[in-house]
Structure formats: structure tokens, C-alpha cells
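Trainee: fold the following for me, if possible:
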Amino acid sequence: MDTIIYGACLALGLLFTIISAIAGHLFGGGDTDVGTLGHAEAGFSDSGLPGISFFSPTVLASFVTAFGALGLILRSIEATSPLYLSAPISAVGAGVIALLVFWVFNAMFSKTQSSSESRVGRLVGLTASIITPIPENGVGEIAYVQGGSRYTAPARSANNQAVGMTKGVRITKIVGTQFYVEVIE
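Mentor: Predicted coordinates for the structure are as follows:
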């Protein structure tokens, strides 16, 4: 009976993996709202952070598949064939494998997550150039380079004076999407 349970766990885990791979390839994962921001892999967390939950379908399927495979292997070894030995050892081994899957996917996701938007806090003090003159008490446009990428932003003079095109400026503060600059003397 226990061999049937182990075999069913192995088959169910493999079947889930195969169906997920085919359905994900054919249907692109869909846009249903499950878990975090429509991604079932995010589990039940709503943190919005990159990665997967320990209770995500991938990690759970890894646990079930590993439990079945390890159970079948341990049942075939005479020293570990009794159910009271094979079941706990299989559960611990499957837990270790699920933890490894969880760790690998989170490490991979955290390394591949990036954004083309620069971090705003690091912009204060950066030099920029005027691409649209800033009129007195008005808004112009600046260009700055951060991380090898060129960005543009609306800008105001920190002292409300007009700033012409030929002036170099330094970003002094950012309020919302508005950059405040001062002329570099």
C-alpha cells in the first residue's frame, strides 16, 4: 500500500510539472489574479518582492515529487523498507529538496529582477545639463546620466531664477517628479 502512495506522489508531481510546462508554454501563464499581482508563483504573499513563496506550486510539486521518489527508493532498500523509517526519511529529504528549489528560484529571481528606472535617492548631488531652458519661476527640462543610461526630467531652479541652456546644473532635491537644480559656478 505504501508503495502505491509513493508511486502516486511521484506520478502526480511529474504530471503536474509536465502539464504546467505545456500549459505555460501554450497559454503564457494567463492573466488570472492568483496570489501576488496575478502570479501564482508568488504564493500567498502580497509583498510584491521578486521571488516565490515556499508554498508556491513549484516548491510544493517539488516536495511531492521528491517524497514519492525518495519513498520508492527507500522502500527498495532492505534497511529502510519499513514504513516507519521510509516515510519520515522521505519527508525530511523532500523538505530539503523543496528548500533547495525555493532557494535556487529566489536567488535566480533576485539576480534577474531589475528596472530601467534609476533610484531617485541617489540622484541628489548629480550633475545634469539643461536641454530646455528653465524660465524664472517656471519648468524646463534636464538630462542626466546614471548607471550608464541617460534620463530626462522636468526641472525647476532651486532659487526660482531663469537658467539658460549653456549652464551646468546640480540636482539639489526631488519632489514627486519635479527636479530642483542649482547652477554650478
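
Trainee: just the pLDDT at the residue lying farthest from the centre of the chain, thanks.
Mentor: Using CA atoms, centre = their mean, the residue of the chain lying farthest from its centre is residue 78. It sits 44.6 Å away. If you check residue 78, the pLDDT there is 91.

Trainee: again with residue 107
Mentor: Listed pLDDT for residue 107 reads 82.

Trainee: please, which helix or strand holds it?
Mentor: Here residue 107, judged by DSSP states H and E, is contained in helix 83-112.

Trainee: which parts of stretch 124-142 are buried?
Mentor: Judged by neighbour count using 16 or more other CB atoms under 10 Å, the buried positions of stretch 124-142 are 126, 128, 130, 134, 140, 142. Quick note: C-beta positions are derived from backbone N, CA and C, even for glycine.

Trainee: that should have said stretch 78-86, apologies.
Mentor: Result for stretch 78-86 [16+ other CB under 10 Å]: buried residues 83, 86.

Trainee: using CSV, write out every CA atom in that stretch.
Mentor: Listed next in CSV are the C-alpha coordinates belonging to stretch 78-86 (Å, rounded to 0.1, in the frame of the first residue of the first chain):
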residue,chain,number,x,y,z
GLU,A,78,16.1,-3.5,3.0
ALA,A,79,17.3,-1.4,5.9
THR,A,80,14.9,1.4,5.3
SER,A,81,11.9,-0.6,3.8
PRO,A,82,9.6,-0.4,6.9
LEU,A,83,7.1,2.5,6.5
TYR,A,84,8.0,3.9,9.9
LEU,A,85,11.5,4.5,8.5
SER,A,86,10.9,5.3,4.9
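
Trainee: chain center to it, what's the gap?
Mentor: Distance, stretch centre to chain centre, for stretch 78-86: 41 Å (CA atoms, centre = their mean, to the nearest Å).
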